[in-house]
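Trainee: predicted coordinates and the sequence they were generated for:
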Amino acid sequence: MGPHRSHLTLAHDAERPGSMTSRTTAPVAIIDIGSNSVRLVAYDGLQRAPTPLYNEKVLCGLGRSVLSTGRLNEDSVQRALTALRRFRVLCDTMRIGRIFVLATAAARDAANGPAFLEAAQATLGQEIQLLSGRREAELSALGVVAGFYAPDGVVGDLGGGSLELVDVHGVTVGLGVTMPLGGLALQDLSENSPKRARKIAREHLKKAEPQLETLRGRTFYAVGGTWRALARLHQAARGYPLHVMHGYTVEPSDELSFLEMVETTDTATLQEVETVSEARRPLLAYGAVVLEEIIRLGRPREIAISAGGVREGLLFEQLDRDTRALDPLIVSAQELNEQRARSPGHGEELRAWTDRFIETLDGPETAGERRLRHAACLLSDIGWRAHPDYRGEQSLNVIANAAFTGIDHPGRAYLALSGYFRHEGVAPEKASPMLRGLAGPRLFDRARLIGALLRVAFPVSAGMAGPLARMPVTVEDGKVVLRLPREWEALNGERLLNRVRGLARVIGLDGRIDVA
């Protein structure tokens, strides 16, 4: 999200609580009592890009058989209460400043849901928010707003008991619709028949025509553990190089063939299926059925996996307008810069220093490319403590797998390659072929360019804040020119000149150093 977005536009706000301050330093936690799992996630604070401190889930199956019996299973209730007792102790241990407790479809729909919630509140000593289907859809959409750069499409949150669909465009969230198509619910309704589940899903999705009609040619944002598990298996099947779920995108035609295979194949034979919990494996076929029907009815341009949903949406909603408007990628990069760079101010100065160079180049830089370049500057020195032989590789691995939001996988590849080139040189053959393919031709070339720029910046600044403003590098009269102040003339030499010429070669020019 760019800095120009200063507010949220919601289709309704009757159930929204008041916003809190933009940032709290005390850890916060969310306990999410879902139809399939009960989960605790603790974060380092209430801020634009919160970092999870601790994440634990227990698959209790509260929603199992609710639609057929009308009640929560007693064994599931006891497992959930046992998990909540544990979570309360963990929150005390972490000195959590504020705890949000949410409950969704299973507790909402079961006749004994109120009794369970009363017992859960007594166990936790915390008030529980029982979310309506509309409220659950809204929070899921806000989780996507918080985690994607300029999202545009339909959010689908598949839980154990229900499916929520809601349109999202930038910061505008539409009215949501909820259907009993969660994995456990669909398994129950279909009497364990994926074939029958398809007919049930198709019938219920008719209620979502307003959302699905707007999906054509846009992105479908898939939220929920079952869909993330399917995405993990899809990555394994195609030998995908980046094992990060958030921002993973798939073309509908590719996804349809994979989903059909999941529905008709013994789950135990799927590659990497051991990474999926045994309790979730029976639900994969039902998640595949629902996603396949959404793709066929909605005809999206792509499917994007979101690691954020109701929990992240709730935290995002608490922030004030100015904090919501911050770019989560830049916020995360700034935090890594502050924690790991030898002189964090240098990373900030690199943003302006590279701005000046880019302004002298022919050809435009998009807003998306600019924010990626700024993030690359902030991340340029996070590997300096490693052995020199491994700085490039370590920087690449840390950046490629960092818990960033607001970035897609081509952008991750660009940032990782930029950090690698800064240490290892910008020869194209040095790059990982898989990451090069993931970045695509344009971002790969931009990564080489920023890597070459950084290779000029560090020898004249030693990675310290201060000097760069007096040593601009620009394109003048068809040459790349680095200007040094007279008092720093001693910095000039063959090594630095080779770096300047290396930068120039990336854009097909020659280079020189001028001493003012």
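Mentor: Looks like it came in fine. Numbering: from 1, shown residues only.
Trainee: buried stuff in stretch 292-308?
Mentor: For stretch 292-308, a neighbour-count test (16 or more other CB atoms under 10 Å) marks 292-295, 297-298, 300-308 as buried. To be clear about C-beta, it is placed using only N, CA and C from the backbone, and glycine gets the same treatment.
Trainee: next one: stretch 92-104
Mentor: 96, 99, 100, 101, 102, 103, 104.
Trainee: please apply the same query to stretch 314-332.
Mentor: Neighbour count says stretch 314-332 has 314-319, 323-332 buried, by 16+ other CB under 10 Å.
Trainee: how about TSV for the buried residues of stretch 92-104, with pLDDT, distance to residue 38 and secondary structure added?
Mentor: Output for the buried residues of stretch 92-104, formatted as TSV (pLDDT from 0 to 100; distance: CB to CB, whole Å; DSSP: H, G, I helix; E, B strand; the rest coil):
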residue	pLDDT	distance to residue 38	secondary structure
96	96	17	coil
99	96	14	strand
100	97	14	strand
101	97	10	strand
102	96	10	strand
103	94	10	strand
104	90	11	coil
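Trainee: which residues in the stretch 151-300 of the chain form strands?
Mentor: Counting by DSSP state E, counting those that start in this stretch, the stretch 151-300 of the chain has strands at residues 152-158, 163-169, 172-173, 177-179, 219-223, 249-250.
Trainee: for this protein, where's the lowest mean pLDDT among helices and strands?
Mentor: Across the helices and strands of the chain, mean confidence by mean pLDDT, DSSP states H and E is lowest for strand 9-10: a mean of 43.
Trainee: is it true that residue 382 touches residue 334?
Mentor: No: with contact defined as CB atoms under 8 Å, residue 382 and residue 334 do not form a contacting pair (11.5 Å).
Trainee: out of the two, which sits in the busier spot?
Mentor: Under the criterion of other CB atoms under 10 Å, the comparison of residue 382 against residue 334 puts residue 382 first, with 23 against 20.
Trainee: model confidence score at the spatially closest residue to that one that is not a sequence neighbour, please.
Mentor: Excluding the flanking residues, the one nearest residue 382 by CB to CB, 6 or more residues apart in numbering is residue 340, at 4.0 Å. Listed pLDDT for residue 340 reads 95.
Trainee: switch the strands of the stretch 151-300 of the chain over to JSON lines; also include distance to residue 376 and mean pLDDT.
Mentor: Below are the strands of the stretch 151-300 of the chain laid out as JSON lines (distance: least, CB to CB, whole Å; pLDDT from 0 to 100):
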{"stretch": "strand 152-158", "distance to residue 376": "25", "mean pLDDT": "97"}
{"stretch": "strand 163-169", "distance to residue 376": "28", "mean pLDDT": "95"}
{"stretch": "strand 172-173", "distance to residue 376": "30", "mean pLDDT": "94"}
{"stretch": "strand 177-179", "distance to residue 376": "40", "mean pLDDT": "92"}
{"stretch": "strand 219-223", "distance to residue 376": "25", "mean pLDDT": "98"}
{"stretch": "strand 249-250", "distance to residue 376": "21", "mean pLDDT": "96"}
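Trainee: want to throw these into JSON lines with distance to residue 442 and mean neighbour count?
Mentor: What follows is the strands of the stretch 151-300 of the chain, written out as JSON lines (distance: least, CB to CB, whole Å; neighbours: other CB atoms under 10 Å):
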{"stretch": "strand 152-158", "distance to residue 442": "21", "mean neighbour count": "27"}
{"stretch": "strand 163-169", "distance to residue 442": "25", "mean neighbour count": "26"}
{"stretch": "strand 172-173", "distance to residue 442": "29", "mean neighbour count": "20"}
{"stretch": "strand 177-179", "distance to residue 442": "38", "mean neighbour count": "23"}
{"stretch": "strand 219-223", "distance to residue 442": "20", "mean neighbour count": "26"}
{"stretch": "strand 249-250", "distance to residue 442": "17", "mean neighbour count": "20"}
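Trainee: I'd like these written out as TSV, with distance to residue 353 added.
Mentor: Listed next are the strands of the stretch 151-300 of the chain as TSV, based on distance: least, CB to CB, whole Å:
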stretch	distance to residue 353
strand 152-158	33
strand 163-169	35
strand 172-173	36
strand 177-179	49
strand 219-223	35
strand 249-250	33
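Trainee: nearest to residue 396 among the ones you listed would be which one?
Mentor: Closest of the strands of the stretch 151-300 of the chain to residue 396 is strand 249-250, at 21.1 Å (criterion: CB to CB).
Trainee: name the helices or strands packed onto that closest one?
Mentor: Here strand 249-250 touches strand 302-306, going by 3 or more CB pairs under 8 Å, 6 or more residues apart in numbering; DSSP states H and E.
Trainee: what angle do the strand it packs on and strand 152-158 make?
Mentor: Strand 302-306 runs at 60 degrees relative to strand 152-158, counting by axes from the mean of the first three to the mean of the last three CA atoms, to 10 degrees.
Trainee: and residue 491, which of the strands of the stretch 151-300 of the chain is closest to it?
Mentor: Closest among the strands of the stretch 151-300 of the chain, using CB to CB: strand 249-250, at 44.5 Å.
Trainee: ok, that closest one: who's next to it in the sheet?
Mentor: Applying DSSP bridges, strand 249-250 is found paired with strand 302-306 (antiparallel).
Trainee: for the record, mean pLDDT for the helix or strand that the partner strand is followed by?
Mentor: Where DSSP states H and E defines the elements, the next helix or strand beyond strand 302-306 is helix 310-318. The average pLDDT within helix 310-318 is 96.
Trainee: I'd like the average pLDDT over stretch 399-408.
Mentor: Stretch 399-408 shows a mean pLDDT of 94.
Trainee: can you mark which positions in it are buried?
Mentor: 399, 400, 402, 404, 405, 406, 407, 408.
Trainee: could you do stretch 273-282 as well?
Mentor: 273, 276, 280, 281.
Trainee: would you check that the first one makes contact with residue 281?
Mentor: Read that as residue 273. Yes: look at residue 273 against residue 281 with CB under 8 Å: they come within range, at 6.7 Å.
Trainee: which residues do these two both contact?
Mentor: Counting by CB atoms under 8 Å, 6 or more residues apart in numbering, the residues touching both residue 273 and residue 281 are residue 267.
Trainee: residues contacting residue 426?
Mentor: 448, 451, 452, 455, 502, 506.
Trainee: hmm, 7 Å instead?
Mentor: 448, 451, 452, 502, 506 (CB atoms under 7 Å, 6 or more residues apart in numbering).
Trainee: secondary structure element for the closest residue to the fourth one other than its chain neighbours, which one?
Mentor: Going back to what we said before, that points to residue 502. In space, and not counting its chain neighbours, residue 502 is closest to residue 452: 5.6 Å by CB to CB, 6+ apart. Secondary structure from DSSP H and E places residue 452 in helix 441-461.
Trainee: tell me which residues of that helix are tucked away?
Mentor: For helix 441-461, burial by neighbour count (16+ other CB under 10 Å) applies to 443-444, 446-458, 460-461.
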